[in-house]
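Engineer: What follows is a predicted protein model with its sequence.
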Protein chains: 2
Amino acid sequence: MTARTRKAQRRTDALSRERIIEAAVELLDAAGEGGLTFRALTERLATGPGAIYWHVANKGELLDAATDDVVAAALAREPAGRPASPQEGVRAVALGLFGAIERHPWLAAQLAGQLSRGPERPVPPRILERFGQQVRELGVPESGWFVAASALMHYVLGAAGQHAANVAYARTLGPDADRAEVLGAVAAAWQGLDPADYPFTRAVADQVRDHDDREQFLAGVDLILAGITA
Amino acid sequence: MTARTRKAQRRTDALSRERIIEAAVELLDAAGEGGLTFRALTERLATGPGAIYWHVANKGELLDAATDDVVAAALAREPAGRPASPQEGVRAVALGLFGAIERHPWLAAQLAGQLSRGPERPVPPRILERFGQQVRELGVPESGWFVAASALMHYVLGAAGQHAANVAYARTLGPDADRAEVLGAVAAAWQGLDPADYPFTRAVADQVRDHDDREQFLAGVDLILAGITA
DNA sequence: TGAATCACTGGAACGACATTCCAGACATCC
DNA sequence: GGATGTCTGGAATGTCGTTCCAGTGATTCA
């Protein structure tokens, strides 16, 4: 009989690794990266630091676990049946991650952090694997597998992260800002750049205003798909 | 007469924003993200916190300034003459960033952080602009400018960051590890995954071991270029 | 039926950190 | 030669992650 089983028998409100991770995700969603504090966590769970540290090694592990949890849920949410085509499969995975990052804006920085903290982190291989399986079915020769899957993963994480950042930024301007204001804010920030130094960025600012983020995101995915199948 | 000019006249070892940023970059290079502390900074500059805070608003601004500094230097290092082709121009920008992230591994997380912290940060537009100008010369219709430049930027930052992470990770294993060990370490970490859950990742682990990171990175850039011109 | 054991808890305390405060040093200006 | 404003560094503050440890209550064993 494991420790947790025994404890669960004792009290239904017992602390557990799952409850801690769940609370951590809620705190992150509510207040961003800085919102996750052991103090806030003890308050929300009505306990002390020692209790939490018995279930979790440290804050880093907790953040990794929260990230893993959310990403796993996002990748599992996909349609059960096989996609109509590998291309559709890639789009489904991409949109799944896009939605997860949109719902949890702190995910973007966290994923980027795991990417740049060595190959041992659990999440990047999980994502690479999903894209990779679609790439394989796309008929890409094996020598191109890694490059193709990497390109998809890096674009998706980067672009989705930027989208989430824009949404969060627009929320800063006003809690009831509508979509036009949101996109307008980003465009305005870029329009304010020096025309001599940033001719291109200023030119595309208008596109950012007029296009749907999700469509533009998918256009990027299709662009890379085109590169893969070329 | 500005404050800094007058001060420079008084003492050549005077504190200045430039000297602080320079010291910050050195600390980051030496000990990574956690190495930049106001304590370490005061020690290295033989001064107190107040002196630093007179020149710099807070740690975040200092990090942003250091990032901006390094990226600007990397983008300026490119060959002065016009590239032979827009494709070569893209590769030059990509390799410039790749080298900068290789020399300063903390850059990857920092750039990702700026990306996911709103459109006001100075660095992302700087990079987007460089790629964008080449995209324009590639003959891409204006409606596709943003997607093409975004795809390039996100892939380059993500892939270069992952490369830097692997190099840093390998350095952890042993200070005198050679290239084979470095790549072997990453491959070994991926080979240890569950074959049932990670068939693709395990299959590409061998490629990671046998290929040159820089070549693979450029192959990714070319893949996206192929998608853009398709 | 006790006593010993074990998983688990939470309050107190610690060191490191970013940041603020402020009394003073120093060149410059009037 | 006082007044001014720039610039400095030491002391102090509050928050953070983390550790320590005396306890609690269920379980196990004699």
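Structural biologist: Looks like it arrived, so ask away.

Engineer: Now do the buried residues in the strand or helix carrying residue A:147.
Structural biologist: Residue A:147 is located in helix A:145-173, with elements delineated by DSSP states H and E. In terms of neighbour count (16 or more other C-beta atoms under 10 Å in any protein chain shown), helix A:145-173 has its buried residues at A:145-170. Backbone N, C-alpha and C define where each C-beta goes, glycine included.

Engineer: cool, and stretch A:53-64?
Structural biologist: Buried residues in stretch A:53-64 (16+ other C-beta under 10 Å): A:56, A:62-64.

Engineer: ok, now which ones touch the most centrally placed residue in chain A?
Structural biologist: Nearest to the mean C-alpha position of chain A, by C-alpha atoms, centre = their mean, lies residue A:101 at 3.4 Å. Residues near residue A:101 by C-beta atoms under 8 Å, 6 or more residues apart in numbering or on different chains: A:107-108, A:111, A:157, A:160-161, A:163-164.

Engineer: How about it, nearest residue that isn't a chain neighbour?
Structural biologist: Leaving aside its chain neighbours, residue A:101 sits nearest to residue A:160 (4.2 Å; criterion: C-beta to C-beta, 6 or more residues apart in numbering or on different chains).

Engineer: wait, isn't that neighbour in contact with residue A:103?
Structural biologist: No: Residue A:160 is beyond contact range of residue A:103, at 10.9 Å (criterion: C-beta atoms under 8 Å).

Engineer: Could you list the low-pLDDT ranges of chain A?
Structural biologist: Scanning chain A for pLDDT under 70 picks out A:1-13, A:175-179, A:182.

Engineer: hmm, try it at 90
Structural biologist: Within chain A, the ranges that satisfy pLDDT under 90 run A:1-15, A:77-84, A:116-122, A:166-189, A:206-212, A:230.

Engineer: need the helices for it, in chain order.
Structural biologist: A:3-10, A:17-31, A:38-45, A:49-55, A:59-76, A:86-103, A:106-115, A:123-137, A:145-173, A:179-191, A:199-210, A:213-229 (DSSP state H).

Engineer: quick one, which of those is packed in tightest?
Structural biologist: Mean neighbour count (mean count of other C-beta atoms under 10 Å in any protein chain shown) peaks for helix A:106-115 among the helices of chain A, with a mean of 25.

Engineer: Can you list the helices and strands that that one packs against?
Structural biologist: Applying 3 or more C-beta pairs under 8 Å, 6 or more residues apart in numbering or on different chains; DSSP states H and E, we find helix A:106-115 packed against helix A:59-76, helix A:86-103, helix A:123-137, helix A:145-173, helix B:106-115, helix B:145-173.

Engineer: okay, stretch A:77-93 in PDB with CA atoms only?
Structural biologist: Extracted C-alpha coordinates of stretch A:77-93, given in PDB (Å, rounded to 0.1, in the frame of the first residue of the first chain):
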ATOM      1  CA  ARG A  77      -7.000  16.800 -26.200                       C
ATOM      2  CA  GLU A  78      -6.500  16.100 -29.900                       C
ATOM      3  CA  PRO A  79      -9.100  14.200 -31.900                       C
ATOM      4  CA  ALA A  80      -8.900  10.500 -31.200                       C
ATOM      5  CA  GLY A  81      -9.200   9.300 -34.800                       C
ATOM      6  CA  ARG A  82      -6.300   9.400 -37.200                       C
ATOM      7  CA  PRO A  83      -6.100  12.800 -39.000                       C
ATOM      8  CA  ALA A  84      -7.200  13.000 -42.600                       C
ATOM      9  CA  SER A  85      -3.600  13.700 -43.700                       C
ATOM     10  CA  PRO A  86      -0.300  14.200 -42.000                       C
ATOM     11  CA  GLN A  87      -0.600  17.900 -42.800                       C
ATOM     12  CA  GLU A  88      -3.900  17.900 -40.800                       C
ATOM     13  CA  GLY A  89      -2.100  16.100 -38.000                       C
ATOM     14  CA  VAL A  90       0.600  18.700 -37.900                       C
ATOM     15  CA  ARG A  91      -2.000  21.500 -37.800                       C
ATOM     16  CA  ALA A  92      -3.900  19.700 -35.000                       C
ATOM     17  CA  VAL A  93      -0.800  19.400 -32.800                       C
END
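
Engineer: which outside residues touch that stretch?
Structural biologist: When contacts are defined by C-beta under 8 Å, 6+ apart, stretch A:77-93 is touched by residues A:75, A:96, A:99, A:130-131, A:133-135, A:137-138, A:152, A:156, A:218, A:221-222, A:225.

Engineer: can you give me how far it is from the chain middle?
Structural biologist: 18 Å (C-alpha atoms, centre = their mean, to the nearest Å).

Engineer: do the same with stretch A:36-48
Structural biologist: Averaging C-alpha positions (C-alpha atoms, centre = their mean) puts stretch A:36-48 24 Å from its chain's average.

Engineer: what about it, near chain B?
Structural biologist: No: judged by C-beta under 8 Å from any C-beta of the partner chain, stretch A:36-48 and chain B are separated, with a smallest distance of 15.9 Å.

Engineer: contact partners of that stretch?
Structural biologist: Contact with stretch A:36-48 is made by A:15, A:19-20, A:23-24, A:26-28, A:31, A:49, A:51-52, A:59, A:62-63, A:66, as judged by C-beta under 8 Å, 6+ apart.

Engineer: Export only the CA atoms of that stretch, formatted as PDB.
Structural biologist: The C-alpha trace of stretch A:36-48 is given here as PDB (Å, rounded to 0.1, in the frame of the first residue of the first chain):
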ATOM      1  CA  LEU A  36       3.700  31.300  -8.000                       C
ATOM      2  CA  THR A  37       5.200  31.700  -4.500                       C
ATOM      3  CA  PHE A  38       5.500  29.100  -1.800                       C
ATOM      4  CA  ARG A  39       3.800  31.600   0.500                       C
ATOM      5  CA  ALA A  40       0.800  31.900  -1.800                       C
ATOM      6  CA  LEU A  41       0.900  28.200  -2.200                       C
ATOM      7  CA  THR A  42       0.800  27.500   1.500                       C
ATOM      8  CA  GLU A  43      -2.000  30.000   1.900                       C
ATOM      9  CA  ARG A  44      -4.100  28.500  -0.900                       C
ATOM     10  CA  LEU A  45      -3.600  25.000   0.400                       C
ATOM     11  CA  ALA A  46      -3.900  26.000   4.000                       C
ATOM     12  CA  THR A  47      -0.600  24.400   5.100                       C
ATOM     13  CA  GLY A  48       3.000  25.100   5.700                       C
END
